[in-house]
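Asks: Pasting the sequence and the predicted coordinates here, then a few questions.
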Amino acid sequence: MILKQVIEIFELLDKPSANGGEVAKYIENYGNDNLKVNVETVKGKQGSTDFIKILIKGKNGKSNNGSAKTLGIIGRLGGLGARPEMNGFVSDGDGALTALSAALKLVDMNTKGDILEGDVIVATHICPDAPTLKHYPVYFMDSPVDMDTMNRLEVSDEMDAILAIDTTKGNEILNYRGFSISPTVKDGYILKVSNDIINIMKRVTGKPPVVFPLSQQDVTPYGNELYHLNSILQPSTTTSSPVVGVAITTETSVAGCATGSTQVTDVETAGRFAIEIAKEYGQGKCSFYDEKEFELLIKLYGENRRFQRKGNI
């Protein structure tokens, strides 16, 4: 259970002065020599934000010259708040809240002796005053920096697989409250859903798994004038590592800039799910995709990496 961590992180993020330095210091106070935290402030055309990256070292992780694979957990969002237009923590902030809560729990586990086999890298950004963006059926949160910058600072070459966690409430195709997962996306292909990830989801939620639909447009980069569900699969456009989206969802359409919309139990469950994936992925017990089948797919149909580019525009 990570309810304690969710509440602690929420208190750090739910204020106009929320910043990466304070969050980093708070997490570092839980850690030991197996922890490395980096914060970088980036200014864009619409403001600035603090990117935070947290490395929790595994006992057989790459950071210790080991062979275990590294899991990346990315909290996707435009911003934590839409100040001065809106006061308070917005729905769009749930991705960062979930990722940072999972990181805090993993750091605490590590310090107490429950050290995972592989490294885990958690990345997100902290912006309490991001702009809003017109979108159907409800408004989204925009970001002070562009998507290329977000991908560059949140996606690492060291990540062998990625969970991208994002609020996904501003649509009319997901009518379920809790969290759902996407099929695995790799090199422009939308692959079948991982059985290992489904089994972990069933174990964590105690309910049947829920998988959200993806269109081909969703796995193309922003800026190509195509419709996107949201930015949840944007990390897949800049890496060859497999990516699975973890969407925090609702039964009704909720604007990304809406306040008072965070369901603490849904955030806790999604964060706990990410932790369970991290445990088994580093041990080699959780596969994001079938490697042999992917090799056959490439042999039969060729590469699909053109969808990782913006196209002929």
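Replies: Arrived safely, thanks for sending. All figures in this text were calculated on a predicted structure; none of them were measured in a lab.
Asks: quick one, strands of the protein?
Replies: Secondary structure of the chain (DSSP state E): strands located at 35-44, 47-56, 71-76, 120-126, 132-133, 140-141, 161-167, 178-181, 185-186, 189-190, 243-249.
Asks: Mind putting these into JSON lines with distance to residue 208?
Replies: Quick note: C-beta positions are derived from backbone N, CA and C, even for glycine. Written out in JSON lines, the entries for the strands of the chain read as follows (distance: least, Cβ to Cβ, whole Å):
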{"stretch": "strand 35-44", "distance to residue 208": "36"}
{"stretch": "strand 47-56", "distance to residue 208": "31"}
{"stretch": "strand 71-76", "distance to residue 208": "24"}
{"stretch": "strand 120-126", "distance to residue 208": "27"}
{"stretch": "strand 132-133", "distance to residue 208": "33"}
{"stretch": "strand 140-141", "distance to residue 208": "29"}
{"stretch": "strand 161-167", "distance to residue 208": "20"}
{"stretch": "strand 178-181", "distance to residue 208": "11"}
{"stretch": "strand 185-186", "distance to residue 208": "22"}
{"stretch": "strand 189-190", "distance to residue 208": "21"}
{"stretch": "strand 243-249", "distance to residue 208": "14"}
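Asks: With residue 287 as the reference, name the closest of those.
Replies: Closest to residue 287 of these, according to Cβ to Cβ: strand 161-167, at 8.7 Å.
Asks: So which elements touch the closest one?
Replies: strand 71-76, helix 94-112, strand 243-249, helix 264-282 (3 or more Cβ pairs under 8 Å, 6 or more residues apart in numbering; DSSP states H and E).
Asks: Can you give the distance of it from its chain's centre?
Replies: 3 Å (Cα atoms, centre = their mean, to the nearest Å).
Asks: what comes into contact with it?
Replies: Residues from elsewhere that reach strand 161-167, judged by Cβ atoms under 8 Å, 6 or more residues apart in numbering: 69, 71-77, 91-95, 98-99, 155, 230-236, 239, 241-248, 256, 270, 274, 277, 281, 288.
Asks: Likewise for stretch 65-74?
Replies: Applying Cβ under 8 Å, 6+ apart, the set of residues contacting stretch 65-74 is 58-62, 99, 102-103, 117-124, 154-156, 158-165, 235, 241, 274, 277-278, 281-284.
Asks: rewinding a little: want to throw the strands of the chain into a markdown table with mean neighbour count?
Replies: A markdown table is the format used below for the strands of the chain (neighbours: other Cβ atoms under 10 Å):
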| stretch | mean neighbour count |
| --- | --- |
| strand 35-44 | 15 |
| strand 47-56 | 23 |
| strand 71-76 | 29 |
| strand 120-126 | 28 |
| strand 132-133 | 16 |
| strand 140-141 | 25 |
| strand 161-167 | 28 |
| strand 178-181 | 22 |
| strand 185-186 | 26 |
| strand 189-190 | 20 |
| strand 243-249 | 27 |
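Asks: out of these, nearest to residue 296?
Replies: So among the strands of the chain, strand 189-190 is nearest, using Cβ to Cβ, at 12.0 Å.
Asks: In its sheet, which strands sit next to that closest one, and in what direction?
Replies: Take DSSP bridges as the rule and strand 189-190 pairs in its sheet with strand 185-186 (antiparallel).
Asks: How far off centre is the partner strand?
Replies: Per Cα atoms, centre = their mean, the centroid offset for strand 185-186 relative to its chain is 15 Å.
Asks: And stretch 6-16, by the same measure?
Replies: That offset, for stretch 6-16, works out to 18 Å (Cα atoms, centre = their mean).
Asks: ok, residues contacting that stretch?
Replies: So stretch 6-16 is contacted by 18, 22-23, 26, 80-81, 83, 88-89, 93, 96-98, 100-101, 104, 126, 128-129, 262, 264, 267-268, 271 (Cβ under 8 Å, 6+ apart).
Asks: Pull out the buried positions in that stretch.
Replies: Of all the residues in stretch 6-16, those buried under the rule 16 or more other Cβ atoms under 10 Å are 6, 8, 9, 10, 12, 13, 14.
Asks: How about stretch 54-66?
Replies: 54, 55, 56, 57, 58, 60, 61, 62, 63, 66.
Asks: Who's the closest spatial neighbour of residue 193, skipping the chain neighbours?
Replies: Once flanking residues are discounted, residue 193 sits nearest to residue 183: 4.9 Å by Cβ to Cβ, 6 or more residues apart in numbering.
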